[in-house]
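Student: I would like the atomic coordinates for the input below:
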Amino acid sequence: MPDWDRDSPKLRSNLDKVILETARAAHLRETVTVEQARRWQRATMVGLDAPDFAYVGAFRGEADLEDVQVKIAGRYGVPARQVSRELKRFEKKLQSLVATLDSLIAVGDIPNADQLSAIIDLAAWTHAEWIRIHPFAKGNGRTARLWANSIVMRYGLPPFIRLRPRPDTGYAAAGGSAMQGEWQPTVVVFRRLLDLFLDAEENL
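Tutor: Numbers count the residues shown, from 1 in each chain. Have a look, this model is predicted:
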């Protein structure tokens, strides 16, 4: 089986299927939950060789992952014993923010400039918080990008955040800032990625 993190046809096929399901849920404006992310991570791992199959579909701190720590850009994700609590906080705040934005942007509406800014901010915060918590032992980056795309698709934008390979244009540095609880650098990166995506669409 291909390695879980190698850019293989199987991984890309898995991600294609997951983004289609994510788009469906976003367009229906289903309630956002951390269990969605668990399903995404599990689905992306199908047919791939994970370092440990205890990593698949499980958050750090759960059975067999009680003491698993992760380190990215020189900083650790939250301790395994705190992941459950942090995910509950994340989910509660995300659901509140999404409910507010849902009330402002009706299904089918084209967001105005202020609403577009709010959408990008929410996608960036969601992505950065997931990176900060780093709840999975493996696969947090692609899951964070799925979260961001699910937010933008909810309000009619295209899924402009590339899943594989990882985006460039400052994405890695923004991830390092996210590990320190700073989500604003991700806003800058996402605005740049959206502009590049739209420019490319215009030039087709």
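
Student: list the contacts for residue 142?
Tutor: 15, 44, 163-164 (Cβ atoms under 8 Å, 6 or more residues apart in numbering). Placement of C-beta: from N, CA and C, glycine included.

Student: Counting neighbours, which of those residues comes out on top?
Tutor: residue 44 (23 neighbours; other Cβ atoms under 10 Å).

Student: Quick check: which ranges of this structure have low pLDDT?
Tutor: Across the chain, the ranges flagged by pLDDT under 70 are 204.

Student: Give me the most central residue, it.
Tutor: residue 144 (1.9 Å; Cα atoms, centre = their mean).

Student: Looking at the contacts of residue 142, spot the one nearest residue 56.
Tutor: residue 44 (9.3 Å; Cβ to Cβ).

Student: show me the contacts for the closest one.
Tutor: Counted by Cβ under 8 Å, 6+ apart, residue 44 has contacts 11, 14-15, 18, 139, 142-143.

Student: returning to what we had before: among the contacts of residue 142, list the two that are farthest apart in space.
Tutor: 44 and 164 (9.8 Å).

Student: Mutual contacts of these two, please.
Tutor: What both residue 44 and residue 164 touch, as defined by Cβ under 8 Å, 6+ apart, is the set 11, 15, 142.

Student: Now do the contacts for residue 53.
Tutor: Counted by Cβ under 8 Å, 6+ apart, residue 53 has zero contacts.
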